[in-house]
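Q: How does the following fold in three dimensions:
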Amino acid sequence: IKTWKEKSSEELALINRKKSTSLEAFRNKYGDEEGFVRYQKCIEKRRYRACKTSLQVFVPLYEWLLRQGVDDHEIWFGYKNKSEYFLSDGSTFYSYDFCVPRLKLIYEFNGTCFHPKSADDDWSMPYNTNITAAEKFAFDQTKNQFAIDRGFEVIVLWEDVATTENLMYAIQIAQKKMKE
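A: Below you'll find the predicted structure:
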């Protein structure tokens, strides 16, 4: 029996494919229809957690929304027993930091360490230096457009903006959406 260090890259790739929770892996294991159903159930069970910095905006926003009469189960974000919201078309999956589906409103909290502000930003991902600013910026734009195409308004809040400014902006947008 080989140890992990002794396995070839092909052997490791095969193991990773077998353990993958991708739609492709589920379909390969269970067939197209059953694989899709099981994949959807797996995705629904995932719990994504908000970063501590984003919670400085999202917890007060959450509390404000509750005071405005929005039900707790209508607010999705990675805090305590809650989970981030996700959208999927069966082959593509995106999670969103904070969402109120009834209002068709999504907030994304972007830390400058993980999200470039433009495609030509002087930026590098700390955990994966192979991803360029242009690639990550394009991914973020595609993710946001995915939600927009499904009728959501996507508001991007930035970590390098004052917490109170982000919070006031987030509340202002929610107030507008509640009047629509």
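Q: pLDDT-wise, which helix or strand of the protein ranks last?
A: Sorting the helices and strands of the chain by mean pLDDT, DSSP states H and E puts helix 9-19 at the bottom, at a mean of 58.
Q: what about the host helix or strand of A134, distance to the chain center?
A: For A134, the element it lies in under DSSP states H and E is helix 133-148. Here helix 133-148 is found 11 Å from its chain centre; the criterion is C-alpha atoms, centre = their mean, to the nearest Å.
Q: Identify the residues contacting that helix?
A: For helix 133-148, the external contacting residues (C-beta atoms under 8 Å, 6 or more residues apart in numbering) are 87, 89, 92, 94, 96, 106, 108, 110, 114-125, 154, 156. Heads up, the C-betas are built off the backbone N, CA and C, glycines and all.
Q: where do the helices sit along the protein?
A: Secondary structure of the chain by DSSP state H: the helices cover 9-19, 23-30, 32-45, 52-67, 133-148, 163-179.
Q: closest to W76 out of those?
A: helix 52-67 (10.0 Å; C-beta to C-beta).
Q: could you say what helices and strands the closest one packs with?
A: strand 98-100, strand 105-110, helix 163-179 (3 or more C-beta pairs under 8 Å, 6 or more residues apart in numbering; DSSP states H and E).
Q: residues making contact with it?
A: Under C-beta under 8 Å, 6+ apart, the answer for helix 52-67 is 50, 72, 75, 77, 79, 97-98, 100, 107, 109, 111, 157, 159, 163, 166-167, 170-171, 174.
Q: what sits opposite the residue sitting nearest the centre point of the chain in the beta ladder?
A: Centroid-nearest residue in the chain, with C-alpha atoms, centre = their mean: S95, separated by 2.7 Å. Beta bridges link S95 to F86 when assigned by DSSP bridges.
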